[in-house]
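>>> can't give you the sequence, but here's the structure:
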């Protein structure tokens with residue numbers, strides 16, 4: 001089970017082709033990571049549709065798919081959220097940031113050279129989505145309700161009280177395959 005740096009979590013990027021459902025692929029990896037048969041993985045959904053492991057103690061899981069890849073994360077304790085984005089041109093990045101991000105983030109993106117802006121936008125988007133998925137509300141909670149500093153990082157510097165103390169969140173980002181960006185957010189219970 002591949003670990004993510006110094007965090008007590010594991011994650012894997014797997015092949016996945018839409019429109020096939022992602023859950024069976026995620027279930028297979030989770031079963032292997034937990035050492036049980038895929039049929040032995042209890043997966044329920046909360047009121048918002050977030051997957052919940054049942055019958056496996058305090059473990060938490062999450063997954064995200066984009067393009068032809070699926071990112072699955074597993075935490076033995078705490079909350080985990082993941083996001084995976086296929087890298088592609090995003091010519092409206094600054095417009096989207098001004099509409100959905102907090103003002104400080106949009107201003108920081110605007111201050112970047114044009115050739116660096118799209119990559120920074122995607123990093124922010126991935127980090128925000130991973131935290132919001134771990135929280136359980138997803139994007140509907142509001143991308144503006146958490147603020148990241150671009151450098152170093154992104155690093156969570158402020159957030160709505162419902163997300164807890166920003167210093168309790170650990171964010172890790174990496175390039176799992178050429179053309180993809182992965183983000184993982186974790187915080188202890």
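Perfect, I can see it now. This structure is a prediction, so every number in the text was calculated from the model and none was measured.

>>> roughly how far apart are residue 42 and residue 50?
The gap separating residue 42 from residue 50 is 15 Å, by CB to CB, to the nearest Å. Any C-beta I mention is one placed from the backbone N, CA and C, and that applies to glycine too.

>>> Who has more neighbours out of the two?
residue 50 (18 against 11; other CB atoms under 10 Å).

>>> give the contact list for the more buried one.
62, 133, 136, 138 (CB atoms under 8 Å, 6 or more residues apart in numbering).

>>> Show me the beta-bridge partners of residue 62.
residue 73 (DSSP bridges).

>>> Where do the strands of this structure begin and end?
10-15, 42-45, 51-54, 60-66, 69-75, 79-86, 146-149, 155-159, 170-174, 180-187 (DSSP state E).

>>> tell me the mean pLDDT for the fifth one?
What it means is strand 69-75. For strand 69-75, the mean per-residue pLDDT is 97.

>>> angle of that strand against strand 170-174?
150 degrees (axes from the mean of the first three to the mean of the last three CA atoms, to 10 degrees).

>>> Need the single longest helix in this structure, by residues.
helix 114-135 (DSSP state H).

>>> related to what we said a few turns ago, any chance of the strands of the chain in TSV, with distance to residue 96 too?
Shown next, in TSV, are these (distance: least, CB to CB, whole Å):
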stretch	distance to residue 96
strand 10-15	25
strand 42-45	29
strand 51-54	27
strand 60-66	17
strand 69-75	22
strand 79-86	13
strand 146-149	15
strand 155-159	20
strand 170-174	19
strand 180-187	16
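
>>> so which of those gets nearest residue 104?
strand 146-149 (5.9 Å; CB to CB).

>>> Name all residues that make contact with residue 29.
Residue 29 sits next to 12, 14, 72 when contact means CB under 8 Å, 6+ apart.

>>> Quick one, grab the pLDDT at it.
So residue 29 comes in at 96 (pLDDT).

>>> so residue 156 sits right up against residue 132, yeah?
No - look at residue 156 against residue 132 with CB atoms under 8 Å: they stay out of range, at 11.3 Å.

>>> Quickly list what's touching both of these two.
In contact with both residue 156 and residue 132: residue 146, using CB under 8 Å, 6+ apart.

>>> tell me which strands and helices the longest helix of the chain is in contact with?
Packing contacts for helix 114-135, counted by 3 or more CB pairs under 8 Å, 6 or more residues apart in numbering; DSSP states H and E, involve strand 60-66, strand 79-86, helix 93-100, helix 103-111, strand 146-149, strand 155-159, strand 170-174, strand 180-187.
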